[in-house]
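Asker: fold the stuff below for me.
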Amino acid sequence: YKTLSAFAGNPYFIAPDMLEKDGLLLPGEAEQYDFGANSADIDYGRLFAARFKLLRLAFDRFCARGGKSDSGFLAFRRKNAVWLSDYALFMALKEHFGWKPWNEWEEGAAFRRPEVLRGYRRRLAVSVLFWQFVQYEFFCQWHQLKEYAGRNGIKIIGDLPFYVAYDSADVWSRRELFDLNPDGSIKLFSGIPSGDRDIRWGNPCYDWDRMKAKNYDWLAERIRIGAGMYDIMRIDHAVAFVHYYGIKDDGARGVWYPGPDSDRASATGIIDCVARERNMDIIVENLGNNNQRTHDLYDQLNWLGMRIFQHTVGDMHYGTRNIHLPQMYPQNVAAYTGTHDNETLAGLLAHKSDDDLEYMMTYLKASKREDLVWNAIDALYNSSAAKVIIPVQDVMSLGNESRICYEHDFEKSWRWRLDKISSISEVMQNRLRG
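Answerer: Numbers count the residues shown, from 1 in each chain. Below you'll find the predicted structure:
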């Protein structure tokens, strides 16, 4: 949610063994670099220090064998010119200025003075080419993976953050599309109200009037890129199409503003059109701060909403009508045990008393607490939901040591990973197949 581009792929996903297979790395060369010792924990500091050195080594070999004139590379650059050129220059400048945010660069580069950018394009030409090469390798590998998945009957779901990072190629190159001050600082911050305070996310809100004046071209291209990567796309915080919460930097509470689709499908109409053209299904995060208009809009577009089983914990009792109970699911939803924002289901239940879980035990027909996670999974699969999504941590009944996102604790967040597929036992695999 703080990526440097809404379009570019994450270079950390580029597999060194595939670069080796292509002759861009020598056998065993990747093992000379330190990416961290714990295969179940992502060490971003070591990744940052080592991964780009390895990719530059591959880039040098790519250039040495005439890769700059490779027909596939040239075609990739042409096809993605609408975002790739600005992204590569942004990354080259960011590296040149010591990885500082763009608003702390030299004024001419930060505000894209044409003569200044022309000078930097010449001075940083090799670096610009490197960042284009990185994206070329990412997308080549990604599409190989997607084709392999498709041949094996597996669909890939991508997540689309509603807002983009302030320090990104998108804001730097398309400032007019965001709610910024003349000096480039954020005028209206995105966020949500929480009781008697606001939670400010730090991303700029969009300038929807200017977006609309440009026929939502930037948004449409974002969806097209996603449709080429995923079979299904989940749009985070989709409520903001109808109304969004904006917070000014003046100490006052935020305000709800009407979104582009507050009275009719506008931005969502563009998204739906692109998604249908590319045969991509849409899931929308419809949790919290929704009104009837949002529900009507999703139904009109035939987009799937979300139901989270964890949202029943603490509200599961005789007579409850909680919409997150499996028996309450309509067909047009995707049902989750939990998401990246939650504890694992086993972790959540671990600190609940037997009294707290008494009705859940009955509801899920569980004879002991240890059965609750898998009985909940079975209940979701037996519901009317169109799709069911189970985090792998819940498949494995893991505790909170494997939680993905910790609210307000960025050091611990997004670090856990499944180190090997054999960690999923044969019993679990057979239950999933069943």
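Asker: which residues touch the residue lying closest to Phe189 once chain neighbours are set aside?
Answerer: The spatially closest residue to Phe189, leaving aside those adjacent along the chain, is Ile247, at 4.5 Å (C-beta to C-beta, 6 or more residues apart in numbering). Every C-beta, even on glycine, is put in place using the N, C-alpha and C of the backbone. Applying C-beta atoms under 8 Å, 6 or more residues apart in numbering to Ile247 gives the contacts Leu188, Phe189, Ser190, Gly191, Asp198, Arg200, Arg253, Gly254.
Asker: quick check: which element contains the residue positioned nearest the centre of the chain?
Answerer: Compute the mean C-alpha point of the chain, and by C-alpha atoms, centre = their mean the closest residue is Asp159, 4.1 Å away. Element membership for Asp159 (DSSP states H and E) is strand 157-160.
Asker: state the next helix or strand along the chain beyond that strand.
Answerer: Downstream of strand 157-160, the first helix or strand assigned by DSSP H and E is helix 169-173.
Asker: and that following helix, how far out from the chain's middle?
Answerer: 18 Å (C-alpha atoms, centre = their mean, to the nearest Å).
Asker: now swap in stretch 203-214 and tell me
Answerer: 21 Å.
Asker: buried stuff in that stretch?
Answerer: Asn203, Pro204, Cys205, Tyr206, Asp207, Trp208, Met211 (16 or more other C-beta atoms under 10 Å).
Asker: ok but Arg234 is inside a helix, no?
Answerer: No: judged by DSSP: H, G, I helix; E, B strand; the rest coil, Arg234 forms no part of a helix; its state is strand.
Asker: shouldn't Ala8 be within a helix?
Answerer: No: according to three-state DSSP, Ala8 belongs to no helix; its state is coil.
Asker: quick one: pLDDT of the residue nearest to Phe189?
Answerer: Note for Ile247: predicted pLDDT of 97.
Asker: ok, it to Asp198 distance?
Answerer: Ile247 sits 5 Å away from Asp198, going by C-beta to C-beta, to the nearest Å.
Asker: what residues do the two have in common as contacts?
Answerer: With C-beta under 8 Å, 6+ apart as the test, Ile247 and Asp198 both reach Gly191, Arg253, Gly254.
Asker: the second one in helix, strand or coil?
Answerer: Of the three states, Arg253 takes coil according to three-state DSSP.
Asker: heads up, I number from 35, so please use that
Answerer: Sure thing, new numbering starts at 35, so read that last one as Arg287.
Asker: find me the pLDDT at it, would you?
Answerer: pLDDT recorded at Arg287 is 96.
Asker: ok, it touching Asp232?
Answerer: Yes: under the criterion of C-beta atoms under 8 Å, Arg287 makes contact with Asp232 at 6.0 Å.
Asker: who's more crowded, these two?
Answerer: Neighbours were counted for Arg287 and for Asp232 using other C-beta atoms under 10 Å; Asp232 has more, 16 against 11.
Asker: how about that one, what does it touch?
Answerer: Gly225, Ile226, Tyr279, Ile281, Arg287, Gly288.
Asker: if we go to 6 Å?
Answerer: Residues in contact with Asp232 (C-beta atoms under 6 Å, 6 or more residues apart in numbering) are Gly225, Ile281, Gly288.
Asker: how many residues are close by the first one?
Answerer: Spelled out, it's Gly225. Gly225 has 19 nearby residues by other C-beta under 10 Å.
Asker: good, we can wrap up now.
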